[in-house]
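K.L.:
whatever this is, show me its structure:
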Amino acid sequence: MSIFEVLSQRAAILSFRFDEIRTRQNHIRVATDLRAVASYLEVETAQLPEETTGFGMPYYWATTDQIGGDTRYGVGDPVANRWNQPVGKGAYDGALVRVSTQPDSKCRGPLGPADQLQAFWLFSSDACSVYGLPGVRISHAGRDDPAGQITLANDTVDVRLGPGSGMLLRVIQ
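P.N.:
Presented below is the predicted three-dimensional model:
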């Protein structure tokens, strides 16, 4: 038996889709694709201030590091990418940023106007990967057929998304 056969027998996948938003009055059909996913630890770390806040200073004024490398300087203040260029502004529970992509990335850029701010929660403007989940990869983001179906895979152990993990989804229809 080859090593490839052993690995393929132990591979694990997790497939899911988000296809409906429900409120008390409405059920809205949607299709989503996955841009990024992060572990609980990455999500928690992105919410911690870089420095201890002083007496009476609200936490949302503090500087935090977004998942993927951007820096959020507080509510209403700029969000800067890893090259210290402004990409958006801080919001109470995250960031509003201009969507961008890293060179050689499989992620798409903005779907609308390039200067339009979009809610990216705790993720960077160019976040497009798996963060803090060793061995896990996005094998199908849901952009192509079957549209909306998202598949995560790991070649060695089970795919586990624990409570508190985060996802950056894009509504595609």
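K.L.:
before we move on, what SS does Leu168 have?
P.N.:
What DSSP: H, G, I helix; E, B strand; the rest coil gives for Leu168 is strand.
K.L.:
how close does it sit to Gln149?
P.N.:
17 Å (C-beta to C-beta, to the nearest Å). Using the backbone N, CA and C atoms, a C-beta is placed for each residue, glycine as well.
K.L.:
neighbour count winner among these two?
P.N.:
Set side by side, Leu168 and Gln149 show unequal neighbour counts under other C-beta atoms under 10 Å, the larger going to Leu168 at 22 against 18.
K.L.:
check the offset of stretch 112-128 from the chain's centre.
P.N.:
Going by C-alpha atoms, centre = their mean, to the nearest Å, the spacing between the C-alpha centre of stretch 112-128 and its chain's C-alpha centre is 10 Å.
K.L.:
contacts for it, please.
P.N.:
For stretch 112-128, the surrounding residues in contact (C-beta atoms under 8 Å, 6 or more residues apart in numbering) are 35-36, 38, 43, 46-47, 64, 66-70, 79, 81, 87-89, 91, 93-102, 105-107, 110, 166, 168.
K.L.:
which ones among these lie within strands?
P.N.:
Members of the contacts of stretch 112-128 lying in strands (criterion: DSSP state E): 35-36, 38, 64, 79, 87-89, 91, 94-98, 166, 168.
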